[in-house]
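Asks: Sequence first, then the predicted structure, then my questions.
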Amino acid sequence: MLRFLDVSEALATSRSHAPPRGGRILLLGPDDEHRRQLHVMLDHRGYDVAALCEVDAAMRWLTERDCRAIIAPAAIAAAVQQHQPRSPVIAVVASRDLAPSLAALDAGAADVMREPVDETQLALALRRIESLPREAPRPVSAAPSSASAGPPVQLVGESPAMAVVRDTIARVAAHRTTVLILGESGTGKELVARAIHQASPRRERRFVAINCAALPAPLLESELFGHRRGAFTDAIRDKAGLFEEADGGTLFLDEVGELPLALQSKLLRVLQESEIRRVGDNTSISIDVRLIAATLRDLSADVAEGRFREDLYYRLAVVPLVVPPLRERRRDVAGLASHFLARHGERHRRALLLPPDALTVLERHPWPGNVRELENVLERALVLCDRPELDAAFIASMLPLRPLPAASSDPAADLSIKKATRALEEDLIRRALVVTHGNRTVASRLLEISHRALLYKIKEYGIR
């Protein structure tokens, strides 16, 4: 049956099932008539075909899977061969001239076919591939992607709060117990989930993550549980859901508090029965998935107000793990700053020093956006700074201004230039005093006002 896959479907194909008699082949190239005919011929020969149009999608697919052969246009065959030398590449050339074929062979292709490919060409090329020695299949990779464990997780910070997080990870990793990670936005909840996965016996299997708030309910249901062809208008083919993709590994549900009540019921059944049912299907599929969920909401309050099922809450919160906000672990700011400057410095090919006075500015900031905000500020500073070190004044200029007061019930009150100016003035004075470590003389110079005017405004705004 002819079917061109989208990226998510191709990644879901042939996960741990026994391959068909012909083996697995990646068919790469534009979705044109030539590719469709080739796909049909491979299907008839019993091959499991994953057809992709984009090179980047093919690279991600090959990161996690082996295949018997790759069939690709000659223009991209060499790049694919370099990325996946284990699988032989059959290059497809459009020209009848000999030169492109020889060039493809010189670049490492195992064989060449000329368009339009007929049954004879394909049979000869496949016979050539079958005569090559087969490499032993590699274990399931944990290469970085939305559906894999990624590089080794580094939890930065030596504060007592982070020591508790590490200890909890070490205690729960070996068990299949469901973990509910709690914390504000930007604290690193997904990083903690990945750390649990990588410390667990499932580390060689897939880590699949999804944000439950990112999709509307109908799409989210199909994404999680999959669907049968014809289940709804756009269901033109069977699709495996993320629970099936994560079989044997870990599924991370971020923002689980945003799940609609109908999907909460289905998730509860998965946790109770270890089986799922695709949308539009009457058959249950057994799965072996370790579930980790995260939320910034107070689920116990949502339970009391009827927005979240109480039975599901207790199923998810077998082991609650709280990730502390950055303002409660300020001693970790120095280590995080060094980590982010090194990581982004390598990417931007820059190395900047962070002197003690600049670090003090960072440590005194409240960080409402937590670790994500700190990383954002440091990368922005790394890109914009034209000096070899990040001085305190420059770091302070990178920090966001304090937000204006919340909108009033009186529309006219929000239009006051005088009130907005006062709020901005107070914020600038506070930041200047932080940068100068309370030296009011230097602060007045930075603010470009007289020392006497600064003293008056400090008293007026009650700044201590």
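Replies: Okay, I see it. The shown structure was predicted, so the numbers you read here are calculated from the model rather than taken from an experiment. Numbering: from 1, shown residues only.

Asks: Sheet partners, orientation included, of the host helix or strand of A293?
Replies: Taking DSSP states H and E as the definition, A293 sits inside strand 290-295. According to DSSP bridges, strand 290-295 forms sheet pairs with strand 179-182 (parallel), strand 250-254 (parallel).

Asks: Average pLDDT for it, rounded please.
Replies: The average pLDDT within strand 290-295 is 95.

Asks: what does stretch 350-363 contact?
Replies: 330, 333-334, 337-338, 341, 345, 374, 377, 381-382, 385, 388-392, 394-396, 399, 434-435, 437 (Cβ atoms under 8 Å, 6 or more residues apart in numbering). Every C-beta, even on glycine, is put in place using the N, C-alpha and C of the backbone.

Asks: try 6 Å this time
Replies: If you take Cβ atoms under 6 Å, 6 or more residues apart in numbering as the criterion, stretch 350-363 is touched by 330, 333-334, 337, 345, 382, 389-392, 395-396, 434.

Asks: how about these, which pair is most distant?
Replies: G345 and V434 (24.8 Å; Cβ to Cβ).

Asks: With neighbour numbers in mind, choose between the two.
Replies: It is V434, of G345 and V434, that has more neighbours when counted by other Cβ atoms under 10 Å, with 19 against 15.

Asks: Low-confidence ranges, the stretch 301-450 of the chain, go.
Replies: Along the stretch 301-450 of the chain, segments meeting pLDDT under 70 span 401-415.

Asks: Would you map the helices across it?
Replies: For the stretch 301-450 of the chain, the helices defined by DSSP state H, counting those that start in this stretch cover 310-316, 333-348, 356-364, 370-384, 392-398, 417-435, 440-447.

Asks: Present those helices as JSON lines; the columns should include distance to V164.
Replies: Shown next, in JSON lines, are the helices of the stretch 301-450 of the chain (distance: least, Cβ to Cβ, whole Å):
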{"stretch": "helix 310-316", "distance to V164": "20"}
{"stretch": "helix 333-348", "distance to V164": "17"}
{"stretch": "helix 356-364", "distance to V164": "21"}
{"stretch": "helix 370-384", "distance to V164": "16"}
{"stretch": "helix 392-398", "distance to V164": "30"}
{"stretch": "helix 417-435", "distance to V164": "30"}
{"stretch": "helix 440-447", "distance to V164": "39"}
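
Asks: which one of those lies closest to A262?
Replies: helix 310-316 (11.9 Å).

Asks: now the closest one, how far from the centre of its chain.
Replies: Centroid displacement of helix 310-316 relative to its chain, using Cα atoms, centre = their mean, to the nearest Å, is 26 Å.

Asks: Please name every helix or strand in contact with it.
Replies: When contacts are defined as 3 or more Cβ pairs under 6 Å, 6 or more residues apart in numbering; DSSP states H and E, helix 310-316 sits against helix 261-273, helix 299-304.

Asks: can you pull the buried residues of the last one?
Replies: Right, helix 299-304. Of all the residues in helix 299-304, those buried under the rule 16 or more other Cβ atoms under 10 Å are 299, 302-303.

Asks: Likewise for the first one?
Replies: For helix 261-273, the neighbour count (16+ other Cβ under 10 Å) marks 263-264, 266-268, 270 as buried.

Asks: Packing partners of that helix?
Replies: Using 3+ Cβ pairs under 6 Å, 6+ apart, helix 261-273 sits against helix 310-316.

Asks: Contacts made by the helix it packs on with the rest, please.
Replies: 178, 180, 264, 268, 271, 293, 299, 303.

Asks: before we move on, what about stretch 167-187?
Replies: With Cβ under 6 Å, 6+ apart, stretch 167-187 has contacts from 189, 192, 195-196, 199-200, 290-294, 296, 316-323, 325, 369-373.

Asks: on that earlier part again, nearest to I70, out of the helices and strands packed on helix 310-316?
Replies: Closest approach to I70 among these (Cβ to Cβ): helix 261-273, 35.6 Å.

Asks: okay, the closest one in PDB with CA atoms only?
Replies: C-alpha atoms of helix 261-273 as PDB (Å, rounded to 0.1, in the frame of the first residue of the first chain):
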ATOM      1  CA  LEU A 261     -11.400  16.000  31.600                       C
ATOM      2  CA  ALA A 262     -12.200  13.600  28.800                       C
ATOM      3  CA  LEU A 263      -8.500  12.900  28.200                       C
ATOM      4  CA  GLN A 264      -7.900  12.700  31.900                       C
ATOM      5  CA  SER A 265     -10.200   9.700  32.000                       C
ATOM      6  CA  LYS A 266      -8.200   8.000  29.100                       C
ATOM      7  CA  LEU A 267      -4.900   8.700  30.800                       C
ATOM      8  CA  LEU A 268      -6.200   7.200  34.100                       C
ATOM      9  CA  ARG A 269      -7.100   4.000  32.200                       C
ATOM     10  CA  VAL A 270      -3.600   3.800  30.700                       C
ATOM     11  CA  LEU A 271      -2.100   4.100  34.200                       C
ATOM     12  CA  GLN A 272      -4.400   1.400  35.600                       C
ATOM     13  CA  GLU A 273      -4.400  -1.100  32.700                       C
END
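
Asks: Thanks a lot, see you next time.
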